[in-house]
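Okay, sequence plus prediction incoming.
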Amino acid sequence: MDPKLGRMTLKEWVAIESDSVQPVPRFRQELFRMMAVAADTLQRLGARVASVDMGPQQLPDGQSLPIPPVILAELGSDPTKGTVCFYGHLDVQPADRGDGWLTDPYVLTEVDGKLYGRGATDNKGPVLAWINAVSAFRALEQDLPVNIKFIIEGMEEAGSVALEELVEKEKDRFFSGVDYIVISDNLWISQRKPAITYGTRGNSYFMVEVKCRDQDFHSGTFGGILHEPMADLVALLGSLVDSSGHILVPGIYDEVVPLTEEEINTYKAIHLDLEEYRNSSRVEKFLFDTKEEILMHLWRYPSLSIHGIEGAFDEPGTKTVIPGRVIGKFSIRLVPHMNVSAVEKQVTRHLEDVFSKRNSSNKMVVSMTLGLHPWIANIDDTQYLAAKRAIRTVFGTEPDMIRDGSTIPIAKMFQEIVHKSVVLIPLGAVDDGEHSQNEKINRWNYIEGTKLFAAFFLEMAQLH
Ligand SMILES: NCCCC(=O)N[C@@H](Cc1c[nH]cn1)C(=O)O
Ligand SMILES: [Zn+2]
Ligand SMILES: [Zn+2]
């Protein structure tokens, strides 16, 4: 802890086990502690801070847990200055030492300039980099070049539960004076070259339940005389996508924006060392061989991923069970201009069609549990220019102009509800391993990223 500004270090933040994905009271308490610590840090910096009560989260099993508060903080309200709003999240993905972490995930550990720890890059490091950039102006006793607002949540990894309602409610209050919105919750596509991100994919998450009864069966006693739920489910999941990654749901590609020559040129301009990307991902072969195809299939085409089966036997050993009820989980990453409710209908119709052809006596229920829209921005907006200039100043290079294959739900919500320009300014390197074992942020990225944000404030002040 910095005694003068009361600033917390990344090590202290990583030590808080703020896992929002596992809905258990212990992690919820940690999340509340995390949000209280962050609110206190911002208060000590001189911000006006409100911790907004978000009410309960209803869980699928009928229980509920409290949602951690969202922090709304404001520094400066000079009407002659522009106002930049920064969004970040302080919840993390689950992490367990036994899952293959080489160090304790909740003890920030430096090895060769890499700071390992859960949340180091996603998203505690970048949030602290923003706070550090503000406190640099404070330490130098300089006025902030722009007014700054922070919106910081603790449920992003669980799908930003209840956040949309809050943004809607605060549209004409907290967000009324906001000119620009910045998010730093993704990565560069290179180890050393900075990037600016102007689009993300959306996500439709599906559950397909196949049920015979609530209890499992002995396969010696029932095997051979049942429509087995798992066999139905495997056939359903197997009908979704072919071996070249093409989604088999009829109509799913209908609304995808057609590709133009001009767009292809934007992919050509990006430097991506495929060999390095493949090696650092430890993947032998991708579905596509060229940089352009890889980028397009990550950013501008939909993809379908199968995530898991609830109720399946997944332990080591040879249990001879027939699961009585199984739930398959898969999701489709959406791109402009796919529509969430059209996708829901197409997927449901397709699964009903496949299931009916099996003549199974089991019951199938399809539900879409998340529907997150894709987002794309206008890269000619002022803050894109400011970010480019700040990158030139700090890194001495032009940024890669990139999109992100994953989903940052708040980007689209801000665009739709607040109607302000949104930019993603990542500061982590391509190999930071967000969501994975051994997540890290490089010391260099963390420090240069802090400088980048300070330079960005100065550029925004000039351009506004
Ligand atoms: N590189 C940015 C990472 C942000 C991220 O991982 N977002 C999640 C959000 C989500 C989508 N569906 C459920 N949660 C993601 O998986 O894309
Ligand atoms: Zn994140
Ligand atoms: Zn994440």
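Cool, the structure landed. Ligands and ions are numbered 1, 2, ... in the order given.

List of residues touching stretch 269-280?
Contact with stretch 269-280 is made by 189-191, 193, 284-286, 290-291, 294-295, 400-402, 430-431, as judged by Cβ atoms under 8 Å, 6 or more residues apart in numbering. The way it works is simple: take the backbone N, C-alpha and C, and place the C-beta from them, glycine included.

and the two most separated of those residues?
Farthest apart among the contacts of stretch 269-280 by Cβ to Cβ are Glu284 and Met401. That separation is 29.6 Å.

between the two, which one's more packed in?
Using other Cβ atoms under 10 Å as the criterion, Glu284 and Met401 rank with Met401 on top: 16 against 7.

can you pull the contacts of the more buried one?
Applying Cβ under 8 Å, 6+ apart, the residues near Met401 are Ala195, Ile196, Tyr198, Thr266, Ala269, Ile270, Ile379.

Contacts only, for Phe27.
When contacts are counted by Cβ under 8 Å, 6+ apart, Phe27 touches Glu17, Ser18, Asp19, Ser20.

can you tell me which two in those residues are farthest apart?
Most distant of these, by Cβ to Cβ, are Glu17 and Ser20, 10.6 Å apart.

Which residues are in contact with each of those two?
Here Glu17 and Ser20 have Phe27, Val92 as joint contacts, going by Cβ under 8 Å, 6+ apart.

Tell me, how many residues neighbour Asn265?
10.

Now the host helix or strand of it - C-alpha only, PDB.
Here Asn265 sits within helix 261-268, counting by DSSP states H and E. Extracted C-alpha coordinates of helix 261-268, given in PDB (Å, rounded to 0.1, in the frame of the first residue of the first chain):
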ATOM      1  CA  GLU A 261     -12.100  -6.200 -50.800                       C
ATOM      2  CA  GLU A 262     -11.500  -3.100 -48.700                       C
ATOM      3  CA  GLU A 263     -12.200  -5.100 -45.500                       C
ATOM      4  CA  ILE A 264      -9.800  -7.900 -46.600                       C
ATOM      5  CA  ASN A 265      -7.100  -5.200 -46.900                       C
ATOM      6  CA  THR A 266      -7.500  -4.300 -43.300                       C
ATOM      7  CA  TYR A 267      -6.600  -7.800 -42.300                       C
ATOM      8  CA  LYS A 268      -3.600  -7.800 -44.700                       C
END
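
Sort out which residues of the helix or strand following that helix are buried, please.
Scanning forward in sequence from helix 261-268 by DSSP H and E, the next helix or strand is helix 274-281. Within helix 274-281, the residues scored as buried using 16 or more other Cβ atoms under 10 Å are Tyr277.

average pLDDT for helix 274-281?
For helix 274-281, the mean per-residue pLDDT is 87.

ok, back up a step: now, the contacts of stretch 269-280 that are in helices?
The helices, defined by DSSP state H, take in Lys291, Ile294, Leu295 from these.

buried sites along the strand or helix carrying Tyr205?
Taking DSSP H and E as the criterion, Tyr205 maps to strand 202-211. Across strand 202-211, burial judged by 16+ other Cβ under 10 Å covers Gly202, Asn203, Ser204, Tyr205, Phe206, Met207, Val208, Glu209, Val210, Lys211.

cool, and stretch 442-451?
Asn442, Asn445, Tyr446, Glu448, Gly449, Thr450, Lys451.

what's the most distant pair in the residues you listed?
Once Cβ to Cβ is applied, these give Asn442 and Lys451 as the farthest pair, at 13.9 Å.

ok, the residue nearest to Gly223 when sequence neighbours are not counted - contacts?
Among residues not flanking Gly223 along the chain, Ile322 sits closest, at 6.3 Å (Cβ to Cβ, 6 or more residues apart in numbering). Ile322 sits next to Asp216, Phe217, His218, Ser219, Phe222, Gly223, Leu226, Glu228, Pro229, Met230 when contact means Cβ under 8 Å, 6+ apart.

Out of those, which comes closest to ligand 2?
Nearest to ligand 2 among those is Met230, at 33.6 Å by Cβ to the ion.

If you count neighbours, what's buried in the helix holding Asn265?
Neighbour-count burial for helix 261-268, counted by 16+ other Cβ under 10 Å, picks out Thr266, Tyr267.

Quick one: residues in contact with that helix.
Outside helix 261-268, the residues that reach it (Cβ under 8 Å, 6+ apart) are Lys291, Glu292, Leu295, Met296, Arg300, Met401.

Please apply the same query to stretch 79-87.
Counting by Cβ under 8 Å, 6+ apart, 130, 144-153, 175, 177-185, 383, 410, 414, 420, 457, 460-461, 464 sit against stretch 79-87.

For this protein, which residues are neighbours of ligand 1?
Counting by Cβ under 6 Å from any ligand atom, the chain comes close to ligand 1 at 159, 185-187, 203, 205, 370, 372, 404, 406-408, 434.

8 Å instead?
Proximity of the chain to ligand 1 (Cβ under 8 Å from any ligand atom) is limited to residues 122, 156-160, 185-187, 200-201, 203, 205, 331, 333, 370, 372, 404-409, 426, 434-435.

Point out the ones among those that are inside strands.
Thr200, Asn203, Tyr205, Ser331, Arg333, Leu370, Leu372, Asp404 (DSSP state E).

Can you give me the pLDDT of Gln2?
Wrong residue type there; residue 2 is Asp, not Gln. Looking at Asp2, its pLDDT reads 55.

again but with Gly324, I slipped
Predicted confidence (pLDDT) for Gly324: 98.

Apart from its neighbours in sequence, what residue is nearest it?
In space, Gly324 is closest to Arg213, 4.6 Å off (Cβ to Cβ, 6+ apart).

quick one, phi psi at that neighbour?
phi -150, psi 180 (degrees, to the nearest 10).

I'd like to know how many residues surround it.
Arg213, neighbours per other Cβ under 10 Å, totals 12.

Could you do Ala312 as well?
15.

wait, what's in contact with it?
With contacts defined as Cβ under 8 Å, 6+ apart, Ala312 is in contact with Met230, Pro323, Val326.
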